[in-house]
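next come a sequence and a model predicted from it.
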Amino acid sequence: MNRTGFLAWPFLAGVAALVAVPALAAATLAFTEFSGVQPPRFTGLDNFSRLVADNALWRSFGNTVIYIAIAVPLRLAAAVGAALLLNRHRAASTAARPLVYLPTVVPDVAYALLWLWLLNPLYGPLAAAFGFSGTLTDPWGARVSLAVMGAFQIGEAFIVALAVRRSIPRHVYEAAAVDGAGPWFTLSRLTLPLMAPVLALLALRDVILSLQVNFVPALLLTDGGPRYATTYVPLYVYRTAFRYFRLGYASTIALTMFVITALVVYVQYRLAKRWRLAA
Amino acid sequence: MRKLLSVGVAAMLVAPLACAREAGGDPQRPLRVQVSGEPEETKVYRTMVAAFEKDNQDIDIDLIEVPEKDEHLAKLTTAFAGEDPPEVFLVNFREYAQFVVRGAIEPYEGFLEANEVDLANYFPQPLEAFTFDGRLQCMPQNISSLVVYFNEKLFRQAGIPRPRAGWTWDQFADVARALTKGDVDGLGIEPSIIRLAPFIWSNGGDIVDDLEAPTRFTFDDPAAREAIEFIVSLVRDEGVVPTEEEVAAQDLETRFVTGKLGMFLSSRRDTPVLREVLGLEWDVAPLPVAEEPAGLLHSDAYCLSAGGDPDRLDAAARFIAFATGQQGQTITALGGRTVPSLKSVARSGAFLDPTQPPAHPEVFLQGIPFIRRTPVISTWPEIEDVAEEILTRAFYEDDYSVDRAIEELEAATTPLFEEAAGR
Amino acid sequence: MTEGRAVRSFAIIFMGAVFLTPLIFMILGSLRAPGLPPPDGFEVIPRGLTWDNYNTVFAFVPLGTYLMNSLIVATVAVPVTVVVASWAGFAIATATSAARRWLVGLCLVTLMIPLSALWVPRFVMFRWLGLLDTMWPLIAPALMATTPFYVLLFALAYARIPPTLFEAARLEGLSPLEIWRRVAWPLAVPAAFAVAVLAFAWHWANFIDPLLYISSAEKLTVPVGLRALQTLEPTNHPILLAASVMVTAPPVVAFLAAQRAFFARTVGV
Amino acid sequence: MTVRLSGISKTFTGHHGPNLVLDDVTLEVPEGSMTVVVGPSGSGKTTLLRCVAGLEHPDHGAIEVGGRDVTALPPGERDVAMVFQDYALYPHLSVRDNIAFGLKARKVARDEVDLQVRRAADTVGLEPHLDRLPDRLSGGERQRVALARALVRRPVAFLLDEPLSNLDAELRARTRIEIRSLQRALETTTLYVTHDQVEALTMGDQIALLRDGRLEQVGDAMEVYERPTNAFVARFLGTPPMNLIPSRLLGSGNGTLIGVRPERMQLVEPVDGRVSGEVVAVEPVGADVIVHVRLEAETVLVRADTRDAPRLAETVGVAFADGDVHRFSEDGSRLA
């Protein structure tokens, strides 16, 4: 590392203190039985054999995969669509850009309360306008609702997509115009392929978030229901640890999910490299 | 890289989680009392804490209010795992098992004498429930049984007299049918163990094979099966219970408040909300009886966290004595949400307030002798969660039979019973 | 041509409207008198229009205290986040390629670690440091730039600056810190804007940390206060929405105030 | 297939108010020929090209390509091909796909695309590189991809925007010839924009000089070089530029400028020259030297054989024939 390297030390120290050390401590818990009350007891690989047979976990994993399958393309499409629509210097675009970002800065809890209101089958505006009801009682209704709700909070992906779109040289588009490429041809053969590497990164980030972090909406909106349809892995980990007092086993799940995530990331990275598009 | 790794390895070696407990730290620190509930509910605790602090200038209390049960437990778990739990926490009987079984609780029994608590003044059922290993662990603040809340106006319109103690299941079903018309449903009942258990008991059945050392649910027992089938048929065949979608649109409480529900089953906890609804005429009645009356214990108790500093434990015990004593229980009873565990308060105007509904609060007290409880095992909350999902399907899915539900319940919960027995 | 323009303009307006809709409903809903029966069909302006809900909130929770606490946390955490992220981003942008790969990899791995696994170890650490029930556990994430994502944002911004500028500054005899302060930072102020706004929103929304590490009611922050209100029955939902509006307003205002710079410089539009 | 521009005007509105970039430009590129538009930077030549391509829309005037009025048509329907200064290659596509892009956009059958791409690649010598991505190519190769992309479509007209400016000197000289011979072979009407007067003089069948949005002169190389219509054109073409000497220094009246190209001047003994002055600099440019001679406040440049190079500070005479003299009025316009 050259002479500027020391500027990274505060960050590295923060990561060491707040992530690395706690994560290693948590990783050791994965091999114990730990209720939080009594001291941890080393149980070797017992937790892992339990994990393999844990239907509720694999159901949660399935739910997460379903969520990823619905939400990630939806979020990506929304972010890219908005970025492509609003990338020009026009008064309307300039005005609409912050609006697209706005739902993203709404705090999670307020956002969940808002959607509870919107989706309320009796009082909610959506029920009144479209006669929706039972959106959150039907497993698929709840799954789709959470995904749609997530599709509004795409500000960060939107910004990135916008920046990438604007980094494509104008001449390339002019060349395509002179070449006689129509809007659709330009989009599918030029814009999207050129944005592909970054889109892949954005998708990857969403997948990671879905696998690891994103549980507050499910906790607040559906509490994992109905029929466990929205019990995603992070929520399951939360329950296992803090409702059923299985902190050791919860660590096992977290560790396993970390490994799965890392594998997914690695595979994606290899794929991106193979496309020779990785930045 | 290497530096970071060595830091991590050092952390593993130190293994801060397993290291010895330190004593409570600064003795001047305020005592922490953690409760959960909605803002209106915790307001009552705030009043009570203020009253205690006024009487006990030497003790400072921090009331930790946690909005929801899940977060309440998460915060407690984290605090226990981090070895810095609040000195006192309020916990529901059915959640308490995981704490007591794992030795998280300092038995309150040792503090009774010093605080001049005479257990004879309390209803015995909650005391028994919070007794584990032969010692009273936590001090119950309330005791509620399951009752039938009913809408007097709807009863009048249908020409139905108010239910009397000892009414039968058939009468119960008839009333539910008679009330069901238009967008009004006769009965509200949730698909959960705690709603079904009183019916099973009343029918002469039981929910587990051994209350002290349960190994399995006994729903396949004919009496239990009959009780479950009775309720399920009300939901599925009779259609006198709101559908799943209807409940999701508006919970039972709100349906009752808006006049869309003739009766619903609940503990005392709904009383304060119903009191605030202007124009709603309502009262409570005892559960119907098959062979014998039966009720299910709803009770919260103050528990002391184990392992604290002795002086602080004494102070905390003093607070518990106050909270569950005459003055404390009077304050909480005035809140309307609790049935006092202290007999004198239960029979006082604070609880039997004739100026406020329900007109027959004694129904709550009359059920107390028949109250029974669920087992105290570490995996009980998880068992209830699992059961709720299966019962939900039995309630609302046409192709999901009671037999299948019983079978799957057994399969899903037996490992959890085994796990608990292994401790 | 003009037809395409019209379609595009319409699409832009539609897009803006769609994203604004939830917030509009939040505000409209907050103006509905609580306790009313459900609306009879779709109503744009709620019946029983009232501002009272905004007062009623304070009867349930001390929202003013919570807002102040959240503000204190953000006031400390946001600048720290920006500086830490900026330094780390600068180090990444100017590192050798091997070191850069390592640092970026570290950022990615950090993003992948499940947060819920860290709660208990962090609780132990904060307790050991005597920081439980203080604001520090809420501010602490700022020490690691809140999330490594912000570090990467800065790294990208600095990577766009021609390295010859840094080399020239080095020939002038500037120390790395001076190069950062006098060359790199001024050229990446827009990125700082972006990170500041994002970090503000992040800390403002932080729900789990105060729940776990704060026990005194007077030290809680807004998300926990809001969660407490969620237990109100559905007819009181307008009160909830009024609280939500008040909690949402600060990050929204901060964002709107900064948005011109935010977009103009981060994206170059 | 003529390209005809009539009365083209274009104003850009920027931060500093409106800026007239093209002012009533009328130009005809005869069928099959190459017209080079040359001018200093900022003269509007690229805008002119973009108007023809359809990437800009003129405020006034009409554009005809092959007898068809294309003024209102989008770029893709004008049947012209353009080579951009930075080549504007599609970075994610291989050379093959870059060349094929326009054909695919027009839904040409795949076999036909293959054939045409191969032929175009062959023409510019890109065959071995067809599967590479642009970022793996040298500057010259990229330039040829851009050319191949233009010619594969067999357009009515080629538009080339400073296609050589990103190449090094040697390659530029070679490519100049290649492009010229390619254009001759294909006989495609071509509009070529450059700021380099050497390119203009060597390549253009017709040269159009643009200055501040106005066409100053249009004609073949001989014409614009030998009979510049004004002092600007006279000085813009030729290296070093034409000397403009106030007539009073030559003692031939006042108020006019006498223009003589450096290569048409000879160094002689001071007494034999029409004027004489001190040598202030001698620049070697290979076989020749450029001698700077100070005449009062003016400096005159004379191209001389290296072997005849004077010494610094030497006083020399400068001679030239009357037939080599251009006369301009003080405002720059040609006199007779």
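Great, that's in hand.

what about the residue nearest to residue C:135 when sequence neighbours are not counted, is that helix, strand or coil?
Using Cβ to Cβ, 6 or more residues apart in numbering or on different chains and skipping the chain neighbours, the partner closest in space to residue C:135 is residue C:73 (5.7 Å). For the C-beta atoms, the positions are set from N, CA and C on the backbone; glycine is no exception. What DSSP: H, G, I helix; E, B strand; the rest coil gives for residue C:73 is helix.

and residue C:73, what is it in contact with?
Residues near residue C:73 by Cβ atoms under 8 Å, 6 or more residues apart in numbering or on different chains: C:135, C:138, C:139, C:203, C:206, C:221.

am I right that the third one is in a helix?
Yes - Residue C:139 forms part of a helix when assessed by three-state DSSP.

which residues in the stretch 101-250 of chain A form helices?
In the stretch 101-250 of chain A, the helices defined using DSSP state H, counting those that start in this stretch lie at A:108-119, A:125-130, A:139-151, A:155-167, A:170-178, A:183-186, A:192-212, A:216-217, A:233-242, A:247-274.

out of the ones you listed, which is the most enclosed?
Burial of these is given as mean neighbour count (mean count of other Cβ atoms under 10 Å in any protein chain shown); helix A:233-242 ranks first at a mean of 26.

hang on, isn't residue A:27 packed against residue A:255?
Yes - Residue A:27 is within contact range of residue A:255, at 5.6 Å (criterion: Cβ atoms under 8 Å).

how about low-confidence regions in the chain?
Unless you meant another one, I'm taking chain A. Along chain A, segments meeting pLDDT under 70 span A:1-2, A:128, A:130-134, A:213, A:272, A:274-279.

oops, wrong one, chain B.
In the prediction, chain B carries residues with pLDDT under 70 at positions B:1-27, B:249, B:423.

try 50
With pLDDT under 50 as the threshold, chain B has low-confidence stretches at B:1-25.

near chain A at all, the lengthiest helix in it?
Secondary structure of chain B per DSSP state H: the longest helix is helix B:402-421. No - against chain A, helix B:402-421 shows no contacts by Cβ under 8 Å from any Cβ of the partner chain, the least distance being 8.8 Å.

for chain D, what are the nearby residues on chain A?
A:169, A:171-172, A:174-182, A:185, A:189-190, A:193-194, A:196, A:276-277.

now do 10 Å
Within reach of chain D by Cβ under 10 Å from any Cβ of the partner chain, chain A has these residues: A:168-182, A:185-186, A:189-190, A:192-197, A:275-277.

just the strands in the stretch 51-200 of chain D please.
Remark: strands assigned in the stretch 51-200 of chain D by DSSP state E, counting those that start in this stretch are D:60-65, D:68-69, D:80-83, D:157-161, D:189-194.

now render those as a markdown table, adding mean neighbour count, mean pLDDT and distance to residue A:235.
Shown next, in a markdown table, are the strands of the stretch 51-200 of chain D (neighbours: other Cβ atoms under 10 Å in any protein chain shown; pLDDT from 0 to 100; distance: least, Cβ to Cβ, whole Å):
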| stretch | mean neighbour count | mean pLDDT | distance to residue A:235 |
| --- | --- | --- | --- |
| strand D:60-65 | 18 | 93 | 64 |
| strand D:68-69 | 12 | 92 | 65 |
| strand D:80-83 | 27 | 92 | 56 |
| strand D:157-161 | 24 | 93 | 58 |
| strand D:189-194 | 26 | 94 | 63 |
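
closest to residue C:193 out of those?
strand D:157-161 (37.1 Å; Cβ to Cβ).

roughly how far is that closest one from the heart of the chain?
Its chain's average C-alpha position is 13 Å from that of strand D:157-161, according to Cα atoms, centre = their mean, to the nearest Å.

what of stretch B:266-286?
Distance, centroid of stretch B:266-286 to centroid of chain: 18 Å (Cα atoms, centre = their mean).

burial check on residue 101, number of neighbours?
No chain was given, so I picked chain A. Residues lying near residue A:101 (other Cβ atoms under 10 Å in any protein chain shown) number 26.

could you do chain D instead?
Neighbour count of residue D:101, defined by other Cβ under 10 Å: 26.

that older thread, including distance to chain B, could the strands of the stretch 51-200 of chain D go into TSV?
Converted to TSV, those look like this (distance: least, Cβ to the nearest Cβ, whole Å):
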stretch	distance to chain B
strand D:60-65	64
strand D:68-69	65
strand D:80-83	50
strand D:157-161	51
strand D:189-194	55
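
would you turn the ones you listed into a markdown table with distance to residue B:354?
Shown next, in a markdown table, are those (distance: least, Cβ to Cβ, whole Å):
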| stretch | distance to residue B:354 |
| --- | --- |
| strand D:60-65 | 95 |
| strand D:68-69 | 97 |
| strand D:80-83 | 94 |
| strand D:157-161 | 96 |
| strand D:189-194 | 100 |
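
closest to residue D:9 out of these?
With Cβ to Cβ, the closest approach to residue D:9 among the strands of the stretch 51-200 of chain D belongs to strand D:60-65: 4.3 Å.

direction included, what does the closest one pair up with?
Paired with strand D:60-65 in the same sheet, following DSSP bridges, are strand D:3-14 (antiparallel), strand D:68-69 (antiparallel).

quick one, longest helix in chain A?
If you go by DSSP H, chain A has its longest helix at helix A:55-85.

state the distance from residue C:88 to residue B:30.
In this view, residue C:88 and residue B:30 are 39 Å apart by Cβ to Cβ, to the nearest Å.

point me to the residue sitting closest to the centre of chain C.
residue C:201 (1.6 Å; Cα atoms, centre = their mean).

which residues in the stretch 151-300 of chain B form strands?
Counting by DSSP E, counting those that start in this stretch, the segments of the stretch 151-300 of chain B that form strands are B:185-188, B:261-266, B:282-285, B:295-296, B:300-305.

export those strands to CSV and tack on distance to chain C?
Shown next, in CSV, are those (distance: least, Cβ to the nearest Cβ, whole Å):
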stretch, distance to chain C
strand B:185-188, 15
strand B:261-266, 14
strand B:282-285, 16
strand B:295-296, 23
strand B:300-305, 13
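
reduced to three states, what does whichever residue of the stretch 51-200 of chain C sits closest to chain B come out as?
At 3.6 Å from chain B, residue C:123 is the closest residue in the stretch 51-200 of chain C, using Cβ to the nearest Cβ. Using three-state DSSP, the secondary structure recorded for residue C:123 is helix.

ok, it to residue B:74 distance?
The gap separating residue C:123 from residue B:74 is 11 Å, by Cβ to Cβ.

repeat for residue D:130
Counting by Cβ to Cβ - residue D:130 and residue B:74 are separated by 62 Å.

kindly report the same for residue A:24.
Between residue A:24 and residue B:74 the computed distance is 22 Å (Cβ to Cβ).

who's in contact with residue B:324?
Residues near residue B:324 by Cβ atoms under 10 Å, 6 or more residues apart in numbering or on different chains: B:108, B:115, B:117, B:122, B:138-142, B:301-302, B:332, B:340-342, B:345.

dihedrals phi and psi, it?
Note on residue B:324: backbone dihedrals following degrees, to the nearest 10 are phi -100, psi 0.

mind listing the helices for the stretch 151-269 of chain C?
Going by DSSP H, counting those that start in this stretch, the stretch 151-269 of chain C shows helices at C:163-171, C:176-179, C:185-187, C:189-205, C:208-213, C:222-229, C:237-266.

what about the third one and chain A, any contact?
The one in question is helix C:185-187. No - using Cβ under 10 Å from any Cβ, helix C:185-187 stays clear of chain A, with a minimum separation of 11.2 Å.

could you check how far that helix is from the centre of its chain?
That offset, for helix C:185-187, works out to 22 Å (Cα atoms, centre = their mean).

show me what it is packed against.
With contacts taken as 3 or more Cβ pairs under 10 Å, 6 or more residues apart in numbering or on different chains; DSSP states H and E, helix C:185-187 sits against helix C:63-94, helix C:148-159, helix C:189-205.
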